[in-house]
Each structure stands twice: as C-alpha cells, then as structure tokens.
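*Asks:* based on what follows, work out the 3D shape:
(chains A, B, C and D)
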Protein chains: 2
Amino acid sequence: MNDERPTVPDTDPLTWGTPEGRHMIRLLWDPPAPAGRGPKQKLTLDQVIEAGMAVAAADGVDKLSMRNVAAQLGVGAMSLYTYVPGRDELFELMVDRAWAARNLPDQSLPWRDQVELHAREAWAMYQAYPWLIRANLWRMPLGPNVMDAQEDLYRAVMLTGLPYEEVARVAGLVESHVFGVARSLITDTSMSSSTGVTADEYWDSRSSFWGTYYSPERFPTMTAIWESGAFERSAGDEIEFGLARLLDGVELLIEKLADG
Amino acid sequence: MNDERPTVPDTDPLTWGTPEGRHMIRLLWDPPAPAGRGPKQKLTLDQVIEAGMAVAAADGVDKLSMRNVAAQLGVGAMSLYTYVPGRDELFELMVDRAWAARNLPDQSLPWRDQVELHAREAWAMYQAYPWLIRANLWRMPLGPNVMDAQEDLYRAVMLTGLPYEEVARVAGLVESHVFGVARSLITDTSMSSSTGVTADEYWDSRSSFWGTYYSPERFPTMTAIWESGAFERSAGDEIEFGLARLLDGVELLIEKLADG
DNA sequence: GGGAACTCAGTACGACGTACGGAAAAGGGA
DNA sequence: TCCCTTTTCCGTACGTCGTACTGAGTTCCC
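*Replies:* Prediction:
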C-alpha cells in the first residue's frame, strides 16, 4: 500500500483533484444527503453497497455486474448510476465497508499482542469476504475504515520503538503474510468465482498429470512432503506459524538495535 | 498453493481426468507436434504464448483478449483456438513460461543463501512480468517450469532440517512476502492496466482528500511516518528487510527445535 | 403554476469469450 | 491421379459486460 500524500496546491481544498476524484472521496467519507428537488430515491447508497456485497458473496466477484446488482434490488441497471459512479467505484466502496468490521486491539497490550490481533482480524475479514482476495485491488481505497485500521496497525508497530521506515515495513510484512495465506487457502476451499469450478473438480480434471508427467524422481521433496500429509494444512495454523516466525524476527531486530 | 495429489484410479493414466484437463496438461508438458493432415499451421504454440506475453507487457493484462493477441499475430481471432483451448488456458501457459526464466541456486550453498536467491529470483520475475501480479491466478499452473522452481525451493528449505509441515509453511511464507512487496510496489510504478491511469494521476485525482477529511489528529502515526519520508520505499530494500526478519525467525525456530 | 433539478430506466454501442459452420488446404489410399 | 478424410483458418453470431445518451416522469422552489 502506498500512503504517499501528493504535493497539493495552496488553494481551496474543494478544488483539489478532479471532480470524479472528489465525488468518490465524498462517497467514502460523507455520503451526500438525497437532493431536495427531484423524485424521492428508491434506494440508499448503503443498500446498493450491501446488494453488491450480497452478489459477491453469493455468486462470486466475477458475477458482480451492474445488471446483477440492480436485479438484486429490483431496479433498472442504469438507476445504480445515480448512487455510484460506476462498477469500479462500487467495488471500492464495498472494500472499505468490509474493513469496517475489523476490531482494533486494546492499546494497553504489548505491541506483539496488538499486532497479532490485527493479523487475526485481517484473516477473519478475508474469511468473511473472500471476494477481497480475488479483488486484486491495485490500491487500497482511501476510505475511513481502511485508513483507521491502517493507522491503528502502524500505531501498534510503533510501540516496538523501531525507526519509522522499519515500522512501515513490518506492517507491510504482516499484511502480506495474512493475504498470502488467505489467497492460497480460501481459493482452495471456495469455488473459482469465474468458472464455477470447485478445487476438487479442478484437481480431478487434471489428475492425468500424476499418471503421466509427474515422477517422484523429478520431484522428490514434493513427494516426501505430500506423503507426510503436510500439504493438508489448516488455515489458522498457517497464519499463526508465519506470524510467530515473523515477529520473532522483529524482536531480534529490536534487541539488536537496543544493543548497538 | 495447493500441491495435493488427488486420489486417482488404478486404470490407464491416459484416461484419468477430463479430456480438457488432459489436453491442458499436454500443452504444458509436451506440446503436440503439428498434425500431418490438413493445411500447414501458420503459427506455433510458442508464437501464440509469446504474442500473449507481448500484449500483456505492452498494454496490460486487461487488454489480453483473444482478438488482441490474434491481431498481434496477424490472424483471425478464432484461429487461436486451434492452438489453445481458450483465454484462461493461454494465460496459464503464459504463467508457466514466465517461471521458465528463474535461475536455481547452487545447491552447495547454505540453506539461507539458497532461499534468499529464490526470493530474489521471484522478485526479478515479477519485475520482468508485472502482469503476473494482476494475474490473480486462483491456482498455480501444473506446468514444468512452475513445478521445477517449487520443488527446488522446497528442497532448499528442507536443508533446515525442519519437519515436513514446517518446510511447506516456510516456503509459503517466503513466496507470500515477495508477492506482497511486488504487489504494492510494482502497481505503484507501472500503470493501472485496466484504466490506463498512472499512480500519479490516481493520487492527483483524489488529492482533495488531504485537504478535507485527512487530519493529523486522526492519523498521527501515518502523518509522522509520512513526514519522515519513510513511505518512499525502494523495492529491493523491502524484499531484503522482510526476508531478513523472516529467516531470522526461522533460524530461531531451528535452534529451539535443536535444544528441545 | 411554471420552470429547474433530479430520478429512473430503455436503448444502444463497442468490447469481450467463444460456439458453430463453411471454405480451403494437405496427406493417404485407390 | 483422384478423392476422401482430416485439419486449419476464420466470418458470423450470441450472450455477456460497462456505460453514454436520451427522455419521461417526479418533486421542490419561487
């Protein structure tokens, strides 16, 4: 994640950026009240976002189309454009909404406990909203829920006493780890959104590989690991293992800096 | 990544799985020679894969359509289907091809050096083929290049003497780390494939955020980190930092197991 | 009461993956 | 040599997508 703040002009903030950008920021932070003029709105922004999340949860993120979300709400597809600028922007709002459910750790706890809680909350979020993984957002939305959680994670890591640049790196390390485990495990247990093919069906369809090109001589380590059953992993264990190694490494760094 | 081998029947391997699955495995491992009958083929499978990689490199993975790849090759869109079963399968072949460029470490080196080289090679691969990140493959292809690199990484981690299940986890940890850094840094420096919007343009368009809803009181840590300049990160440093922490943690685990 | 502002939604356009089917090219058997 | 079978190439077409445009209908303000 890039949290750079670009240089901004010294004029009225309300004219910064583009109209589209300002609109999106406003939708994230301060959803505008319905206009006085015109007909009463049939829906609210929240309803649209929730319908989007419902579609993504039920049919996968690849079925998240304006037409499907509109159908879910019983309105015409084009009506959604009065609430939301477009499909990508709807998705951005959904992502920030997903982050809203994250609990923040008790600030009196030791830093390590706080960071671990952040990681577990992230993992819970990916479980609750698996479409966040397929999302592949090229950038986190600048929304209040995302930003509050990020700020709190940085705050917790700051308790280590590490210099700023390493604080940012440690936070990124934790996030990458949880995302990586979620990516490999959730996509295994849930369906491939695009094709509707389950993991089992996928492996079955390609099972000829094991009888033709796979050989224990070429892949001795994989064979040994597989035969030990170690590939049948449980998600929580994966998170905890990596987190433990990673934070052990961070503690070592703290000690080293304290000694030097 | 899931490397489970499904239970397979005790019959002729050539009948395992589905015809589609067998076809794909064959394309990955043993591209069939052109048929004797019929007209000469205008292209080769390799040309199709390379054209796909060229399109993805030039215009982004979102522009990787059968029509675009065909245009690149000067043939009709439907002609590609004699070489490749479909778009997803073409992409799978492209991914395995990208992994082909990875160098494997000298097996006489200490395990840590070998694992570090694997990580750096992965990072180099993501730099060379940034579309691997936006790929969001729900599963690695069962191709020879992917599998050889994976096997070698497992072999290197095995030198730690850790039990099988932790070998698999450490390997996953390293991969997640490199992927995470690549995801956050490459998408920042290159264009957003789908929209053609650069990172700078994106931040500029949304710059009104900093003048309206952002406040140093609400985000004190981010503010401090940003003012220290620590968010201006360099990619290689990020990889090395995380790798160092992570492998320090692994070494600690090895020592602990040796003592216990 | 009339005009301005707004909502809702149908139609349409250009992209996409790809099913289908036809024309043309090449080899093998007579 | 001729024909038939196999295979390649690819135009057409269908159903999907995001969304621009347009217009009809609704509500508030002056």
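
*Asks:* A:A235: how many residues sit nearby?
*Replies:* Using other CB atoms under 10 Å in any protein chain shown, A:A235 has 17 neighbouring residues. Every C-beta, even on glycine, is put in place using the N, C-alpha and C of the backbone.

*Asks:* and it, what does it touch?
*Replies:* Counting by CB atoms under 8 Å, 6 or more residues apart in numbering or on different chains, A:A235 makes contact with A:W123, A:Q127, A:V181, A:A182, A:L185, A:I186.

*Asks:* the same query, at a cut-off of 6 Å, please.
*Replies:* Shown in contact with A:A235 (CB atoms under 6 Å, 6 or more residues apart in numbering or on different chains): A:L185.

*Asks:* how far away is A:A77 from A:S65?
*Replies:* 8 Å (CB to CB, to the nearest Å).

*Asks:* what's the answer for A:H177, then?
*Replies:* From A:H177 to A:S65 the distance is 33 Å (CB to CB).

*Asks:* so what's the residue lying closest to A:L159 once chain neighbours are set aside up against?
*Replies:* Closest residue in space to A:L159, ignoring its immediate chain neighbours: A:W111 at 3.7 Å, by CB to CB, 6 or more residues apart in numbering or on different chains. By CB under 6 Å, 6+ apart, the contact list for A:W111 reads A:A156, A:L159, A:T160.

*Asks:* check which residues of whichever strand or helix holds A:V181 are buried.
*Replies:* A:V181 belongs to helix A:164-189 when elements are defined using DSSP states H and E. Across helix A:164-189, burial judged by 16 or more other CB atoms under 10 Å in any protein chain shown covers A:164-188.

*Asks:* relative to helix B:164-189, how tilted is it?
*Replies:* Relative orientation of helix A:164-189 versus helix B:164-189 (axes from the mean of the first three to the mean of the last three CA atoms, to 10 degrees): 110 degrees.

*Asks:* next SSE after helix A:164-189?
*Replies:* helix A:199-205.

*Asks:* and A:Q127, how far from DNA strand D?
*Replies:* A:Q127 is 25 Å from DNA strand D, where distance means CB to the nearest atom of the strand, to the nearest Å.

*Asks:* what's the residue lying farthest from the centre of chain A sitting at in phi/psi?
*Replies:* The centre of chain A is farthest from one residue, A:E217, which by CA atoms, centre = their mean lies 39.4 Å away. Backbone torsions of A:E217, given as degrees, to the nearest 10, read phi -70, psi -40.

*Asks:* next: A:L257.
*Replies:* According to degrees, to the nearest 10, A:L257 has phi -70, psi -30.

*Asks:* same deal with A:T18?
*Replies:* The phi/psi pair for A:T18 (degrees, to the nearest 10) is phi -100, psi 160.

*Asks:* in contact with it, which residues are there?
*Replies:* Contacts of A:T18 by CB under 6 Å, 6+ apart are B:S205.

*Asks:* now do the strand or helix carrying A:H118, average pLDDT.
*Replies:* Using DSSP H and E, A:H118 sits within helix A:111-128. If you average the pLDDT over helix A:111-128, you get 97.

*Asks:* now do it: distance to the chain's middle.
*Replies:* 12 Å (CA atoms, centre = their mean, to the nearest Å).

*Asks:* after that helix, which helix or strand is next? Please name it.
*Replies:* Downstream of helix A:111-128 (by DSSP H and E), the next one is helix A:131-135.

*Asks:* all helices of chain A, in order?
*Replies:* Secondary structure of chain A, counting by DSSP state H: helices at A:19-29, A:45-59, A:66-73, A:87-99, A:111-128, A:131-135, A:144-158, A:164-189, A:199-205, A:208-212, A:220-227, A:235-259.

*Asks:* which strands and helices lie in contact with the longest one?
*Replies:* In terms of contacts (3 or more CB pairs under 6 Å, 6 or more residues apart in numbering or on different chains; DSSP states H and E), helix A:164-189 is packed against helix A:111-128, helix A:131-135, helix A:144-158, helix A:235-259, helix B:164-189, helix B:220-228.
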